[in-house]
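# Fold the following for me, if possible:
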Amino acid sequence: MAARLLGNASSALQKSLARLSSGSKVSSASDSPAGVGISLKFGAQVNRIQAAIDNVGNAAAYTQTQDGFLQKIGSALDRMSELSMLAQDETKTNADRELYDKEFQKLDDFIVSIGNKDFNGVSLFHAGSSLTVTVSPDGTSMTLASVNVAGSSDFTALKAASNAVSSSASAAAALATVKTAIQDFTEHRANVGSNLARLEAEGSALAVQKDNISAARSRISDVDVARESANFARQQILVSSGTAMLAQANVLPQSALRLIG
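Numbering: from 1, shown residues only. Modelled structure (predicted):
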């Protein structure tokens with residue numbers, strides 16, 4: 001009996017030592033067959049959530065890049081509208097207006113060049129620039145509103161204008177074109193802002209979900225160090241006392257031999 005109890009205590013001590021050294025409550029499938037399966041499912045779900053968080057983060061970076069370029073377009077359009085007004089000053093000659101036109105055309109070229117920008121090879125401002133982003137571990141996705149600056153008729157009209165502010169009449173026409181482009185620009189900026197707000201909300205929701213799933217998994221698989229340390233000390237005592245009692249049990253037959261002798 002002493003030997004059997006010592007074996008049980010030794011086995012329990014080894015399991016306790018394995019849990020403390022690994023940090024896992026379930027050191028083998030036999031410890032908790034259901035717990036192993038549930039922990040595995042939770043672990044896979046946590047990894048999928050993290051992947052979705054990464055997807056949302058990359059989409060947010062893409063959207064922030066769009067917004068940064070749109071800010072520059074807004075500044076350029078603001079200056080172009082100002083140049084269009086200055087060129088309509090009748091106290092200036094056409095030679096003066098040619099100077100305004102040089103800056104106007106350069107700003108126009110700048111806007112057109114931004115329309116061809118990309119993010120890691122993905123177009124930022126062409127038709128089809130909308131992204132479909134997977135935002136949940138079950139595969140649910142959302143589609144970002146596209147920002148088609150390159151194909152916008154309002155923006156291409158700017159490029160089509162020749163010597164746009166080189167005369168008072170052309171400057172008036174250019175101003176009307178620029179004002180229409182600004183209106184188009186505000187819609188694009190609003191789309192990008194709404195995309196970014198949605199992505200930030202999705203990212204926050206995924207982070208909360210990941211924390212909760214991770215906590216649930218931890219309750220199943222992670223060892224309670226304080227509780228297991230107390231159990232480890234208990235098993236150490238049982239092994240020590242069991243060893244001593246086994247030695248004592250082996251001594252008892254020696255007494256009978258002495259009586260016979």
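
# so after the helix or strand bottoming out on mean pLDDT in the chain, what's the next helix or strand?
The weakest-scoring helix or strand in the chain, judged by mean pLDDT, DSSP states H and E, is helix 153-160 (a mean of 58). Per DSSP states H and E, the first helix or strand lying C-terminal to helix 153-160 is helix 168-221.

# Which strands and helices lie in contact with that next one?
With contacts taken as 3 or more C-beta pairs under 8 Å, 6 or more residues apart in numbering; DSSP states H and E, helix 168-221 sits against helix 33-86, helix 94-114, helix 153-160. For every residue, glycine as well, the C-beta is placed using N, CA and C.

# domain ranges for the protein?
The chain breaks down by automatic domain parsing into domains covering 1-25+224-261, 33-221.

# What is the distance between the longest one and the centre of its chain?
On the basis of C-alpha atoms, centre = their mean, to the nearest Å, the separation between the geometric centre of domain 33-221 and that of its chain is 18 Å.

# between the helices and strands packed on helix 168-221, which one is nearest to S146?
Nearest of the helices and strands packed on helix 168-221 to S146, taken as C-beta to C-beta: helix 33-86 at 9.9 Å.

# what about the closest one, average pLDDT?
Taken as a whole, helix 33-86 has a mean pLDDT of 87.

# cool, stretch 139-147 as well?
81.

# Same check on stretch 202-218?
87.

# tell me which residues in that stretch are buried?
E202, G203, L206, Q209, K210, I213, S214, R217 (16 or more other C-beta atoms under 10 Å).

# Over to stretch 53-73?
Going by 16+ other C-beta under 10 Å, stretch 53-73 has these buried residues: 53, 55-56, 59-60, 62-63, 65-67, 69-70, 73.

# out of these, who's nearest S194?
Closest to S194 out of the buried residues of stretch 53-73 is T63 (9.7 Å), distances taken as C-beta to C-beta.

# Same list (the buried residues of stretch 53-73) but as TSV, adding distance to V133.
Shown next, in TSV, are the buried residues of stretch 53-73 (distance: C-beta to C-beta, whole Å):
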residue	distance to V133
I53	11
N55	6
V56	6
A59	4
A60	9
Y62	9
T63	10
T65	15
Q66	14
D67	16
F69	20
L70	19
I73	24
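
# ok, back up a step: give me whichever of the domains of the chain is most buried.
Stretch with highest mean neighbour count among the domains of the chain: domain 33-221 (a mean of 17; mean count of other C-beta atoms under 10 Å).
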